[in-house]
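Student: sequence first, then the predicted structure, then my questions.
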Amino acid sequence: MTAHYWVILGIVLLIGEIFTMDFSLTCFAIACFVAAVLSWIGLGTYWQLAAVAATIFILLFTLRPLVLKYLNKKGQAFKSNMEALIGKELTVSQTNTQTGKCYAKNDGDLWELACEEKLSQGDNVKVFKVDGIKLFVKKENK
């Protein structure tokens, strides 16, 4: 393979890394760049493929764990989706006196609330559990 094919493949893999963000495609891209250098030097295809395999192996099992450890610090865990709702403080925005159901808005979404205490419009509540489309809340005393 000629060097420019290796470089193009490496660039494509780096672009793919933007979408995965787990540093694995970067290891493959670096291996492609190593093969490109070997191609420019004049080494044959077998040497290039062996260098790609060795570089991928070394990077995936040495450098990748170190980079992931640096990027994913334990104290900064992200909460996403339903986990992000737990502990959130909301204000009751609607109550239905006929059905006894209460609702609160969170980021534009209307959620049904379940609480042991009677809620009225304007009450502050804190989410402690999420089940489907229902938020289980406790009334906050302010």
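Tutor: All right, it came through fine.

Student: what segments of the protein are helices?
Tutor: Under the criterion DSSP state H, the chain contains helices at 3-20, 24-41, 45-58, 64-71.

Student: deepest in the core, which of these is it.
Tutor: Among the helices of the chain, helix 24-41 has the highest mean neighbour count (mean count of other CB atoms under 10 Å), at a mean of 20. For every residue, glycine as well, the C-beta is placed using N, CA and C.

Student: returning to what we had before: of all the helices of the chain, which lies closest to Glu89?
Tutor: helix 64-71 (30.3 Å; CB to CB).

Student: now the closest one against helix 24-41, angle please.
Tutor: 130 degrees (axes from the mean of the first three to the mean of the last three CA atoms, to 10 degrees).

Student: roughly how far apart are Val52 and Val130?
Tutor: From Val52 across to Val130, the span is 46 Å (CB to CB, to the nearest Å).

Student: what of Asn141?
Tutor: Taking CB to CB, one finds Asn141 at 22 Å from Val130.

Student: neighbour-wise, which of those two wins?
Tutor: Neighbours around Asn141 and Val130, counted as other CB atoms under 10 Å, are more numerous at Val130. The numbers are 17 against 6.
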